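Trainee: just to be clear, the model below is a prediction. Sequence and coordinates:
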Amino acid sequence: MNIAILGATSQISRDLILSFSMEKSYDFSLFGRNIELLEKWINSEKLGNKYKVQKYSEFSSRQKYDVIVNFVGIGDPIKAQKMGGGIFKTTEQYDNMALEYLKHHKETKYIFLSSGAVYGGDYQRPVDKDTVTTININNHKTTDWYMLSKLYAEAKHRSIPDLSIVDVRVFNYFSHRQNTDARFLITDIVHAIKNKEVFKTSADNIVRDFIAPPDFYNLIQSIIDFKPINIALDCYTKHPVSKFYLLDKLKSEFGLKYKINKSIDIINATGIKLNYYSLSKAADAIGYIAVNTSIENIIQEINLLDIS
């Protein structure tokens, strides 16, 4: 099997590539903007000649891919804020690249990395299969751009049901290889643990569902193994976790120190979300089985870090 990965320099794609390397003997064509960085990483991980690094200009319908996985996007809230409306052009450019390929190879499966942000709204409750996407159409905010770019791509994918396209909505992701300088809740917490700093947080007891590389790999492999379908699937673990349960658990496990600060300025490129996770378990139908809970994923990943 030959798999093309677009956006192969992102952390979530690197984690998936490493998971594949331990489980399967697939051939990979890895596409990214920074070829030198990608080649350096391939060599550092000793992945061998099954991983071919290519420029986007080399992506062509003349090559044969069984699966295309599109990871192109912004994975850091600060970078997403700086990019602003440019996220529309970037998302559509590489999505169209994959869709054009599928016109010539209808048997190829296309996996698009979407986001839980497509549900919009204020996330006062977790989303489920009946949740209706909401947006203030007459008062767009900059925090809407990312959500709208993904929503537009998903709508476009559903409009071509004869093609095998699965949109994977990631809500929260954590890997021990993740850059702890990226401004996510969990990376800020790990940064505080590693540097023995006090983690400052708001009084809001938000709830998250953190998928980690093993479960994410299981989901992607389930999509590859299943029959061709055209659908969007939410990511989920066995159970989500509330912020203060997470903080207290990491306090006992790793000595985390934290302080509630009512006036703290939180960076969030897609808006504040109290219950940012999904109750929809549609991926069960394609054979996906979550192995861990959120808290188990986080503890396992932190244990893989050198935090001494």
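Mentor: Sure thing, it's come through. Numbering: from 1, shown residues only.
Trainee: contact partners of the host helix or strand of I189?
Mentor: Using DSSP states H and E, I189 maps to helix 185-194. The contact list for helix 185-194 (CB atoms under 8 Å, 6 or more residues apart in numbering) reads 172, 174, 178-181, 197-199, 206, 208, 210, 243, 246-247, 250, 254-258, 298, 302, 305, 307. For every residue, glycine as well, the C-beta is placed using N, CA and C.
Trainee: which of the residues you listed fall in helices?
Mentor: Those of the contacts of helix 185-194 mapping onto helices are 243, 246-247, 250, 254, 298, 302, per DSSP state H.
Trainee: any idea which of these is the one closest to K106?
Mentor: Proximity of the ones in helices among the contacts of helix 185-194 to K106 (CB to CB) peaks at I298, which lies at 40.2 Å.
Trainee: hmm, the closest one is touching D209, no?
Mentor: No: taking CB atoms under 8 Å as the definition, I298 is not a contact partner of D209, at 10.9 Å.
Trainee: overlap of the contact sets of those two?
Mentor: V241.
Trainee: now do the buried residues in stretch 152-160.
Mentor: The neighbour-count check on stretch 152-160 (16 or more other CB atoms under 10 Å) flags 153-154, 157 as buried.
Trainee: off-centre distance for that stretch?
Mentor: Using CA atoms, centre = their mean, to the nearest Å, the mean C-alpha position of stretch 152-160 is found 19 Å from that of the whole chain.
Trainee: offset the numbering so it begins at 5, please.
Mentor: In the new numbering, first residue 5, that becomes stretch 156-164.
Trainee: just the CA trace of that stretch, in CSV.
Mentor: Output in CSV follows, covering the C-alpha atoms of stretch 156-164 (Å, rounded to 0.1, in the frame of the first residue of the first chain):
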residue,chain,number,x,y,z
TYR,A,156,-16.5,24.6,4.0
ALA,A,157,-14.2,21.7,3.1
GLU,A,158,-16.5,19.2,4.9
ALA,A,159,-19.6,20.5,3.0
LYS,A,160,-17.7,20.3,-0.3
HIS,A,161,-16.7,16.7,0.5
ARG,A,162,-20.3,15.7,1.3
SER,A,163,-21.4,17.1,-2.1
ILE,A,164,-19.4,14.4,-3.9
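Trainee: contacts for it next, please.
Mentor: Outside stretch 156-164, the residues touching it (CB under 8 Å, 6+ apart) are 92, 95-96, 99, 103, 116, 118, 122, 167, 169, 171, 234, 236.
Trainee: can you tell me which of these is nearest K59?
Mentor: Closest to K59, out of all of those and judged by CB to CB, is D99, at 18.2 Å.
Trainee: against Y114, how distant is the nearest residue to the closest one once chain neighbours are set aside?
Mentor: What sits nearest to D99 in space, not counting adjacent residues and going by CB to CB, 6 or more residues apart in numbering, is A157, at 5.1 Å. Distance of A157 to Y114, computed by CB to CB, to the nearest Å: 11 Å.
Trainee: going by residue numbers, what spans are strands in the stretch 155-304 of the chain?
Mentor: 169-174, 176-177, 202-205, 211-212, 214-215, 234-238, 245-246, 261-264, 279-280 (DSSP state E, counting those that start in this stretch).
Trainee: average pLDDT across the last one?
Mentor: Per-residue pLDDT values over strand 279-280 give a mean of 96.
Trainee: that one - contacts with which helices or strands?
Mentor: Applying 3 or more CB pairs under 8 Å, 6 or more residues apart in numbering; DSSP states H and E, we find strand 279-280 packed against strand 211-212.
Trainee: contacts for the strand it packs on?
Mentor: Contacts of strand 211-212 (CB under 8 Å, 6+ apart): 130, 175-176, 189-190, 244-247, 250, 278-281, 298.
Trainee: what's the most distant pair in these?
Mentor: The largest separation in the contacts of strand 211-212, counting by CB to CB, is between P130 and I190 at 17.9 Å.
Trainee: what mean pLDDT does the helix holding I193 have?
Mentor: The average pLDDT within helix 189-198 is 94.
Trainee: beta partners of the residue nearest the centre of the chain?
Mentor: Central residue of the chain (CA atoms, centre = their mean): V174, 4.5 Å from the mean position. Beta-bridge partners of V174, counted by DSSP bridges, are S119.
Trainee: which residues touch I72?
Mentor: Here I72 is in contact with 7-10, 102, 105-106, 112-115 (CB under 8 Å, 6+ apart).
Trainee: just the ones in helices from these, please.
Mentor: Reading helices off these with DSSP H, I get 102, 105-106.
Trainee: nearest to Y292 among these?
Mentor: Nearest to Y292 among the ones in helices among the contacts of I72, with distances taken as CB to CB, is A102, at 22.1 Å.
Trainee: per-residue confidence at the closest one?
Mentor: pLDDT at A102 comes out at 98.
Trainee: gap between it and E62?
Mentor: Taken as CB to CB, the span from A102 to E62 is 14 Å.
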